[in-house]
Every structure is written in C-alpha cells, then in structure tokens.
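Visitor: Sequence and predicted model, in that order:
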Amino acid sequence: MRQRQLKTSFAHQTGLSMVELLVAMAIQFILLAAMIYVYGGSKQMFTVNEQMARVQENGRHATDALLYDIRMSGYVGCRSMEDITPNIIANSPPTFVSLSDGLTVFDNGAGWTNPTTLTRVAGTDVITLQSTRGSGVSLTGNMAADNANIQVSSNPDGLAANDLILISDCSSADLFRATGVSNGASTVTITHANSSNTDNRLSKAYQADAQILSFDSHSYFVAQDAAGEPGLYQYSLNSNSASLLTEGIENLQFMLAEDNDGDQQPDGYVDATAVVNWEAVIGVRVGLLLRSANGVATEARSFSFDGAEANTGNDMRLRKAFWSYAALRNRIN
C-alpha cells in the first residue's frame, strides 16, 4: 500500500506550569526593580541639582548686594569732603568721625550693638556701611536762614519723612532727618523740625550750589529666624528695621585689604582686629558659607571654610563657599 494515512496529533495549550509562572514573575520583578532604581536615582539627582542651583542663586544674590554696598561705602558726592566732620542734628544718627568713615567690620561681632531682636549666629562677622544714596538734587535757590525749609525742583531719590538727608556744598555738610517731604507741582519742600532732630538749625544757610543726598547706614549680619534657620540680614538705620536678604547663609567672614605703600594694590589681607591704619584699607574680601534648605546629600561630608573645618553636624545638606573681593572706590585715587 503506497499511500499511508498520516496521523496528525495536535498539542493543546492547557496553561502555565508553576515553574513558568514563577520565572515570569521573577523577570517582571527584576524589570520593575530596575525601573524603580533608575527613577529613584533620577529623582535624587534632580533634587540635588535643584538644591545646588538654589544655593548658587542665593550666593550670587548675597554677594552682589554686599559687593555693591561695599564699593559705594563712604560715597558723599564730593571727594573734598573726605576730611569734613558733618554737623549732625538728626535723631538716632550714625556714628562717624569724617564722611569718608564709611566702613566698619566687627570681627566675630565683637563691639557691635545689635539693634534688632534677631539672634546673631556666634562666630560670624558683621559689617556696617554708610554712604549717600541715589543721584542727589541741587537747591533751587538760596536759603533765607539756617532753619528755613529746603526747596528743590524734584525728588528723584524718593525722599520721605524720617529719612536721613545730607546737605552739602563740598566745604560744609549737615546731616538731618526729614520731618516732612511735600511734593508740589514744581517745588519739593523738605522740613527739618525739632520733632525729628535735636535742633532745627543747620550749620549755615546753604546756597544754590548745595546738594541734597539721601543718606543711610546698612549693617549686614547672619542671624537665625524663629525656626532656627540662618540667613543674611540687612539692617537699615534709615528705617530702623532689619530684613532678610538671603536665606541659607550660615557664616559670614571679612578680610580687609591693606595698602601700606600707597601703590593702590593690596599688600595683604587681615582680620579687622589686626588693622593698624584704617585709612590704608582699600578693599574687602567677602566670604559666605551657604547651605541647602534640606538634607539631600547621599553621605555626610566635612567642609572647610575660612581655614577651619565647618561644623555640619552630619545634616546631609549641600554646602558651598563663596569668596569675592570689592575695592573701596572712594579710597582709591
């Protein structure tokens, strides 16, 4: 028989065995674990980068504010006024010998009287900077007497009641608090009554060549808020108040550049306690230590700042030091 009937058998799917099911579950578990690991790593990296970017941004903001104020310290409009002691009638005035005395550094805060209720962080420096602000404006005419109201044509610096104001003609200067500032159609009148000053009389009746300049004294210091978080605060003598400038700053240090040979170049950097002649100080080196808002580091790290080991307390926060230099423009010829 040449033809044979082929017998065909069909295998029917009846389901997975227990071994096959366990293998499939194991593979799925491995893939899921790998996905979770990759996602967790990406999220951790994103959080670290975000926190470091915020630290960088806070550092730049604090550095820019400090360097600008340091560069302008001692500015009074006229170079010839450096050796002039102003006549001060303002209540709660700044303390200085001459108008060029625009910078004071308190090493570790020693000698600084805290005018606020904030708690300064121990071991941090304090700097006080004073200068005139804005562009200033000239008198519109002669003053009739030394107690006459001051009149100018405009108010570009936004002078207001209780502001410290310097009036000068580059040979004399008076510092007073404005009792009131009234903005008229073409004339701005500034009063200096006894209610905001010890006297309503200036040292002389200034003429049309005198300038009116806003004056302020800023102190920068590191303090803790109610939650114990440190930050850089700026105290304004004009407003008699302190405001948070930058959060996350836990240390602030200053080194002063001395020019002892008169070549307008720093000969060395010293602490405020080592300065012999403040007139030889031509610049300030500013050091800031910033930390992240949260502990996002994967391991505890030691950190060196200002030549010493920083105490991080193993809080897993990111830290970065910022060092910058600002020349005192009003000390350099």
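Guide: Here it is on my side, so go on. Numbers count the residues shown, from 1 in each chain.

Visitor: Show me the shaky parts of the stretch 51-200 of the chain.
Guide: The model of the stretch 51-200 of the chain has pLDDT under 70 over residues 79-83, 96-101.

Visitor: Ala226 and Asp315, how far apart?
Guide: For Ala226, the distance to Asp315 (C-beta to C-beta, to the nearest Å) stands at 19 Å. Every residue, glycine included, has its C-beta placed from N, CA and C.

Visitor: Comparing the two, which shows the higher neighbour count?
Guide: Asp315 (13 against 7; other C-beta atoms under 10 Å).

Visitor: My reading is that Cys170 is in a helix; is that accurate?
Guide: No. Under DSSP: H, G, I helix; E, B strand; the rest coil, Cys170 sits outside any helix and is assigned coil.

Visitor: Nearest residue to it in space, please, no chain neighbours.
Guide: Spatial nearest neighbour of Cys170, chain neighbours left out: Cys78 (3.8 Å); criterion: C-beta to C-beta, 6 or more residues apart in numbering.

Visitor: what are the phi and psi values for Arg54?
Guide: Torsion angles at Arg54 (phi, psi; degrees, to the nearest 10) stand at phi -70, psi -40.

Visitor: Same check on Asp107?
Guide: phi -70, psi 120.

Visitor: which residue packs closest to the residue sitting nearest the centre point of the chain, ignoring adjacent ones?
Guide: Centroid-nearest residue in the chain: Ala62, 3.6 Å away (criterion: C-alpha atoms, centre = their mean). Setting aside the residues directly before and after it, Ala62 is nearest to Thr246 in space (C-beta to C-beta, 6+ apart), at 4.0 Å.

Visitor: Pull up the gap between Ala223 and Asn49, please.
Guide: 29 Å.

Visitor: more neighbours, those two?
Guide: Each of Ala223 and Asn49 has its neighbours counted (other C-beta under 10 Å); Ala223 has more, 21 against 11.

Visitor: In its sheet, which strands sit next to the helix or strand harbouring the more buried one, and in what direction?
Guide: Taking DSSP states H and E as the criterion, Ala223 maps to strand 211-224. Strand 211-224 sits in its sheet next to strand 119-120 (antiparallel), strand 126-138 (antiparallel), strand 164-168 (antiparallel), strand 230-236 (antiparallel), going by DSSP bridges.

Visitor: looking at those strands, which is closest to Ala208?
Guide: strand 126-138 (6.7 Å; C-beta to C-beta).

Visitor: For the closest one, buried residues please.
Guide: Residues 126-133, 136-137 are the ones in strand 126-138 that count as buried (16 or more other C-beta atoms under 10 Å).

Visitor: With stretch 63-77 instead?
Guide: Those would be 63, 65-67, 69-77, for stretch 63-77 by 16+ other C-beta under 10 Å.

Visitor: sorry, back to before: roughly how far apart are the residue nearest to Ala62 and Ser302?
Guide: For Thr246, the distance to Ser302 - C-beta to C-beta - is 24 Å.

Visitor: swap in Leu66?
Guide: 26 Å.

Visitor: likewise Leu256?
Guide: 28 Å.

Visitor: Neighbour count for those two, which is higher?
Guide: Using other C-beta under 10 Å as the criterion, Leu256 and Ser302 rank with Leu256 on top: 23 against 10.

Visitor: what sits against that one?
Guide: For Leu256, the contact set (C-beta atoms under 8 Å, 6 or more residues apart in numbering) comprises 105, 269-272, 275, 281, 283-285.

Visitor: Could you rerun that using 7 Å?
Guide: Contact analysis of Leu256 by C-beta atoms under 7 Å, 6 or more residues apart in numbering lists 105, 269-270, 272, 275, 281, 284.

Visitor: next one: Gly248
Guide: 55, 58, 231, 290-293.

Visitor: Among the residues you listed, name the buried ones.
Guide: 55, 58, 231, 290-292.

Visitor: Now tabulate those residues in TSV and tack on secondary structure and distance to Arg201.
Guide: As requested, those are exported to TSV (DSSP: H, G, I helix; E, B strand; the rest coil; distance: C-beta to C-beta, whole Å):
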residue	secondary structure	distance to Arg201
Val55	helix	52
Asn58	helix	47
Gly231	strand	42
Leu290	strand	49
Arg291	strand	52
Ser292	strand	55
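
Visitor: And these, which is closest to Val23?
Guide: Using C-beta to C-beta, Ser292 comes nearest to Val23 of the buried ones among the contacts of Gly248, at 44.8 Å.

Visitor: close enough to count as contact, that closest one and Glu57?
Guide: No. Counting by C-beta atoms under 7 Å, Ser292 does not reach Glu57; the two are 11.6 Å apart.
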